[in-house]
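K.L.:
Give me a 3D structure for the following:
(2 chains)
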Amino acid sequence: DIQMTQSPSSLSASIGDRVTITCRASQNITSYLNWYQQKPGKAPKLLIYAASSLQSGVPARFSGSGSGTDFTLTISSLQPEDFATYYCQQTYSTPREYTFGQGTKLEIK
Amino acid sequence: QVQLVESGGGLVKPGGSLRLSCAASGFTFSDYYMSWIRQAPGKGLEWVSYINSSGSTIYYTDSVKGRFTISRDNAKNSLYLQMNSLRAEDTAVYYCARASRGGPGAYGMDVWGQGTTVTVSS
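P.N.:
Below you'll find the predicted structure:
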């Protein structure tokens, strides 16, 4: 199975900060990498698909990059509503193995 | 609007059964691949099961294989998860989710339900 490792596990930042979250795959997944945002008590929300494509309706301050095994999610200028947990997900293999990273909790400093 | 609504969760004893339902509206349900994804209390997301648009291709994560059965009724715009031989480790919020762009989910899950809570405890 492909393992996904996110770093850091948690992060404190301030409004207006630029924030980067990293996701590493245990093998080459080309660009089959998606990012989700989840707020407490809510369902996840798709932010980025195919490593760098912005999902419709998602603010442009969110961006994704990377290919192969190393990927990043960047928030260019943190807004109050961005404090949440972020998950990466690989979809390179069959749906049986669409694994998620362990999550990165973004908190207010 | 595009919506998924889960139901059927609850408290069940170890070894018991539950059937989760997910009602879809606002889109052509029969065009989309669907999945069940769960989240144990305080934990991350775990993909559980997947079914293609016609119901002919199904996958399960290893920990539920042989115990859970996914199905769909396109005439009723509904997705189901029959859960048997439940264990404490199945305790979680269960989400149904739609694969984006009409494919098998390679481009992520773009519509999620609000989740239904399953608690397995004696």
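
K.L.:
and chain A, which residues reach chain B?
P.N.:
Remark: the part of chain A in contact with chain B comprises A:32, A:34, A:36, A:38, A:42-46, A:49-50, A:53, A:55, A:87, A:89, A:91, A:94-96, A:98-103, using C-beta under 8 Å from any C-beta of the partner chain. Every C-beta, even on glycine, is put in place using the N, C-alpha and C of the backbone.

K.L.:
How about residue 68, nearest residue that isn't a chain neighbour?
P.N.:
Chain wasn't specified; assuming chain A. Leaving aside its sequence neighbours, A:Gly68 sits nearest to A:Asn28 (C-beta to C-beta, 6 or more residues apart in numbering or on different chains; 5.2 Å).

K.L.:
other chain: chain B
P.N.:
Going by C-beta to C-beta, 6+ apart, B:Phe68 has B:Met83 as its nearest residue, at 5.2 Å.

K.L.:
how close does that neighbour get to chain A?
P.N.:
18 Å (C-beta to the nearest C-beta, to the nearest Å).

K.L.:
can you give me the strands for chain A?
P.N.:
Applying DSSP state E to chain A gives strands spanning A:4-7, A:10-13, A:19-25, A:33-38, A:45-49, A:53-54, A:62-67, A:70-75, A:85-90, A:104-108.

K.L.:
Quick one: work out the angle between the fifth one and strand A:70-75.
P.N.:
Angle between the axes of strand A:45-49 and strand A:70-75 is 120 degrees (criterion: axes from the mean of the first three to the mean of the last three C-alpha atoms, to 10 degrees).

K.L.:
what does chain B put close to chain A?
P.N.:
Chain B has residues B:33, B:35, B:44-47, B:50, B:59-61, B:95, B:97, B:100, B:104-110, B:112-115 near chain A, with proximity defined as C-beta under 8 Å from any C-beta.

K.L.:
Show me the beta-bridge partners of the residue nearest the centre of chain B.
P.N.:
The centre of chain B sits closest to B:Trp36, judged by C-alpha atoms, centre = their mean, with a distance of 2.6 Å. For B:Trp36, the beta-bridge partners are B:Ser49, B:Cys96 (DSSP bridges).

K.L.:
pretty sure it is touching B:Val93, no?
P.N.:
No - contact criterion C-beta atoms under 8 Å: B:Trp36 and B:Val93 do not qualify, at 11.0 Å.

K.L.:
Please enumerate the strands of chain B.
P.N.:
B:3-7, B:10-12, B:18-25, B:34-39, B:45-51, B:58-60, B:68-73, B:78-83, B:92-99, B:109-112, B:116-120.

K.L.:
need those in JSON lines with mean pLDDT, can you?
P.N.:
Output for the strands of chain B, formatted as JSON lines (pLDDT from 0 to 100):
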{"stretch": "strand B:3-7", "mean pLDDT": "98"}
{"stretch": "strand B:10-12", "mean pLDDT": "98"}
{"stretch": "strand B:18-25", "mean pLDDT": "98"}
{"stretch": "strand B:34-39", "mean pLDDT": "97"}
{"stretch": "strand B:45-51", "mean pLDDT": "95"}
{"stretch": "strand B:58-60", "mean pLDDT": "94"}
{"stretch": "strand B:68-73", "mean pLDDT": "98"}
{"stretch": "strand B:78-83", "mean pLDDT": "98"}
{"stretch": "strand B:92-99", "mean pLDDT": "97"}
{"stretch": "strand B:109-112", "mean pLDDT": "96"}
{"stretch": "strand B:116-120", "mean pLDDT": "98"}
